[in-house]
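**Q** A structural model of the following input is requested.
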Amino acid sequence: MGSLQENMAYLNRALDVEKNFDIIYRVIQIGGKEACMYLVDGFCKDDLVQKLLQYFMDLTPDDMPADAHGLSKGFTPYAEVDIEDKWDTLITALLSGIFVLLVDGYEKALLIDSRTYPARSVGEPEKDKTLRGSKDGFVETLVSNTAMIRRRIRSTDLHIEMQSAGESSHTDIALCYMKGRVDEDFLDDIRRKINNIQADALTMNQESLAECLYQRKWYNPFPKFKYTERPDAASAQVLEGNIVILVDNSPSAMILPTTIFDVIEEADDYYFPPVTGTYLRMTRFLISLLTYLVTPTFLLMMNNPQFIPETFSFIILQEEPNLPLIWQFLVLELAIDGLKLAAINTPNMLSTPLSVMAALVLGEFSVNSGWFSPEVMLYMAFVAIANYTQANYELGYALKFLRIITLLLTQWFNLWGYIGGILLSLLAIGCNRTVSHRSYLYPLIPFSWKTLKNKLFRTRLPGALKKEPR
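**A** Numbers count the residues shown, from 1 in each chain. Here you go, the predicted model:
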């Protein structure tokens, strides 16, 4: 860094301050020295900046230290103060909202972290609601999210490392883990992958980061990560030895490594006694399995009535369908997703009329018109509703894709197609790998009864928080 005039000329040119109305700079006098402050309007606390300016402008020449280090340590009445002489780091900090102060004769600039970001309240997330437990949730501000984890884990072993990715966005990424419980080799691997990200920006926040961290086998639909918007769930995962990644501008925490058993778990399992929690977990697992099997099994039975026991003869279609069953199932699979998209984009004031209209048109009228059979409507209604028993979107769509493939194979190859579809689904789960390259079916493969017992059954909380040595 050169003289103040040279530094100002460089910054004014790099930031194009004449065109960017929200980048503010002002030349002031501090202790007889000329100085210039830079800040981004809307990121800095106005009252705090005013108090700092008043303090600096009241300094006399006798009060001025010899360098920026002395000014930052002994004469700046604020906690978060740093010094910097590299232009790239300084400009990134400024554009992040940090107050920058250049003083004539000083080789380094003062960085005063007085920023504040627009943020919503930490209300309970819509997707991760629980019947009991805390009602706060992550927001889009990274510092607020890390504070909610610190509030729950008051231990010196909790480490929160700051990283960044994106050549243009410089998106902040926080790695949260417990020293002594985390797999150090896996942690080093995650650090290396984040540092080696070659991307202009993480435009989709965590999804962009996830695709950079896991770049192989994109065609396998099963989720490689688990997401949560609940600070209590994220804190529990940290205590279990997992890594939680928080990305700025995202209200979700990314948990890794993740197996199929971790995806099925939910916070409600632990907010109820062990017996109730185990029942909820088993029910969720069984219903998820039924959402995959019920429609292909019904199609197989209708194509082979001789397979139906006499006691279950009532499931046979009462009327010959006008449209083949396979087409009815495929059309309804598409229609259900269409209704989901419509519900997302529908204003709240119109959501109830739309729901009534969809129920009438796709329910009674579609059956009466002859397009769909009542039995098909019943089973697809079960599948549509049962998908909401678990909160993971990726798992729901993974089961949906495999269900469609199994339907098609059953229609084309009958019993062998049905068996082939199930084997293909098991192969998709078995061949999937976590980010740590461990088996997606751990602790089933490789087998560990102690860990598997805790995954299947809700045990007492002190035991649940102990992590098996890796």
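
**Q** so where is this protein shaky, pLDDT-wise?
**A** 217, 349-365, 461-470 (pLDDT under 70).

**Q** For Q54, pull up the helix or strand it's in.
**A** Using DSSP states H and E, Q54 sits in helix 46-57.

**Q** Show me what the helix or strand that that helix is followed by is in contact with.
**A** Going down the chain from helix 46-57, the next helix or strand is helix 68-74, by DSSP H and E. When contacts are defined by C-beta atoms under 8 Å, 6 or more residues apart in numbering, helix 68-74 is touched by residues 64-65, 81-83, 103, 106-110. C-beta coordinates here come from the backbone N, C-alpha and C atoms, glycine included.

**Q** Could you list which of the residues you listed belong to strands?
**A** Mapping the contacts of helix 68-74 onto strands (DSSP state E) picks out 81-83, 103, 109-110.

**Q** For my notes, please list those residues in CSV and give neighbour count and distance to A93 for each entry.
**A** As requested, those are exported to CSV (neighbours: other C-beta atoms under 10 Å; distance: C-beta to C-beta, whole Å):
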residue, neighbour count, distance to A93
V81, 19, 12
D82, 15, 8
I83, 18, 11
V103, 25, 17
A109, 26, 9
L110, 26, 11
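
**Q** what's the closest of these to Q237?
**A** For the ones in strands among the contacts of helix 68-74, the closest approach to Q237 (C-beta to C-beta) belongs to D82, at 31.4 Å.

**Q** if we look at the sheet, which residues does the closest one bridge to?
**A** D82 has the following beta-bridge partners by DSSP bridges: L111.

**Q** Ok, L246 next?
**A** Beta-bridge pairing of L246 under DSSP bridges involves A174, A253.

**Q** how close does it sit to W449?
**A** 34 Å (C-beta to C-beta, to the nearest Å).

**Q** Quick check: closest non-adjacent residue to Q29.
**A** Nearest non-adjacent residue to Q29, counting by C-beta to C-beta, 6 or more residues apart in numbering: M57, 6.6 Å away.

**Q** Run through the residues that contact the one you found.
**A** Contacts for M57 were tallied using C-beta under 8 Å, 6+ apart; they are 28-30.

**Q** Buried residues of stretch 417-437, list them for me.
**A** Going by neighbour count (16 or more other C-beta atoms under 10 Å), the buried part of stretch 417-437 is 417-418, 420-422, 425, 428-429, 432-436.

**Q** all helices of the stretch 351-470 of the chain, in order?
**A** Remark: helices assigned in the stretch 351-470 of the chain by DSSP state H, counting those that start in this stretch are 366-368, 374-386, 393-431, 449-456, 461-464.

**Q** In a markdown table: the ones you listed, plus distance to F307.
**A** Shown next, in a markdown table, are the helices of the stretch 351-470 of the chain (distance: least, C-beta to C-beta, whole Å):
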| stretch | distance to F307 |
| --- | --- |
| helix 366-368 | 26 |
| helix 374-386 | 16 |
| helix 393-431 | 8 |
| helix 449-456 | 31 |
| helix 461-464 | 43 |
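
**Q** so which of the ones you listed gets nearest D46?
**A** Nearest of these to D46, taken as C-beta to C-beta: helix 393-431 at 40.6 Å.

**Q** That closest one packs against which elements?
**A** helix 260-264, helix 274-303, helix 325-345 (3 or more C-beta pairs under 8 Å, 6 or more residues apart in numbering; DSSP states H and E).

**Q** And this structure, split by domain according to the record?
**A** 4-112, 142-258, 274-431 (automatic domain parsing).

**Q** Ranking the ones you listed by mean neighbour count, which comes first?
**A** Among the domains of the chain, ranked by average contacts under mean count of other C-beta atoms under 10 Å, first place goes to domain 142-258 (a mean of 18).

**Q** Can you give me the first-to-last residue distance of it?
**A** In domain 142-258, first residue to last residue: 22 Å (C-alpha to C-alpha, to the nearest Å).

**Q** Ok, stretch 87-104 next?
**A** End-to-end distance for stretch 87-104: 16 Å, by C-alpha to C-alpha.

**Q** And the contacts of it?
**A** Stretch 87-104 is contacted from outside by 1, 3-4, 7-8, 10-11, 14-15, 30, 33-40, 43-44, 49, 52, 56, 68, 71, 84, 109-117, 170, 172, using C-beta under 8 Å, 6+ apart.

**Q** Among the residues you listed, which are located in strands?
**A** In strands, judged by DSSP E, the following of the contacts of stretch 87-104 are found: 30, 33-40, 84, 109-112, 172.

**Q** Isn't I149 up against A236?
**A** No - applying C-beta atoms under 8 Å as the test, I149 and A236 come out as separate, 10.4 Å apart.

**Q** so how far does stretch 9-27 reach from one end to the other?
**A** 13 Å.

**Q** same deal with stretch 36-47?
**A** Across stretch 36-47, the terminal residues are separated by 18 Å (C-alpha to C-alpha).

**Q** Pull the residues that contact it.
**A** Here stretch 36-47 has contacts from 4, 7-8, 11, 15, 21-28, 49, 53, 94-97, 99-102, 114-118, using C-beta under 8 Å, 6+ apart.

**Q** Endpoints of stretch 251-258, how far apart?
**A** OK, stretch 251-258 end separation, C-alpha to C-alpha: 19 Å.

**Q** and if you look at stretch 306-324?
**A** Stretch 306-324: ends 19 Å apart by C-alpha to C-alpha.

**Q** Then stretch 429-441?
**A** End-to-end distance of stretch 429-441 (C-alpha to C-alpha): 7 Å.

**Q** now stretch 199-216
**A** So stretch 199-216: terminal residues 17 Å apart, C-alpha to C-alpha.

**Q** Begin at 22 from now on, thanks
**A** Got it, the first residue is 22 from now on, which makes the last one we talked about stretch 220-237.

**Q** Mind listing residues that contact it?
**A** With C-beta under 8 Å, 6+ apart as the test, stretch 220-237 has contacts from 186-190, 192, 194, 211, 214-215, 218, 239, 245-246, 248, 266, 268-271, 273, 275, 277, 456.

**Q** let's go with 10 Å and repeat that
**A** Outside stretch 220-237, the residues that touch it by C-beta atoms under 10 Å, 6 or more residues apart in numbering are 161, 185-194, 210-211, 214-215, 217-219, 239, 244-246, 248, 266-275, 277, 454-456.

**Q** Likewise for stretch 320-332?
**A** With C-beta under 10 Å, 6+ apart, stretch 320-332 has contacts from 318, 333-338, 342, 345-347, 349-350, 394, 396-397, 400, 427-429, 431-432, 435-436, 438-440, 442.

**Q** quick one: stretch 253-263 to chain centroid distance?
**A** 14 Å (C-alpha atoms, centre = their mean, to the nearest Å).

**Q** repeat for stretch 404-421
**A** Mean C-alpha position of stretch 404-421 versus that of the full chain (C-alpha atoms, centre = their mean) differs by 17 Å.

**Q** and if you look at stretch 146-156?
**A** Mean C-alpha position of stretch 146-156 versus that of the full chain (C-alpha atoms, centre = their mean) differs by 16 Å.

**Q** what comes up buried for it?
**A** Buried residues in stretch 146-156, counted by 16+ other C-beta under 10 Å: 146, 149, 151, 154-155.
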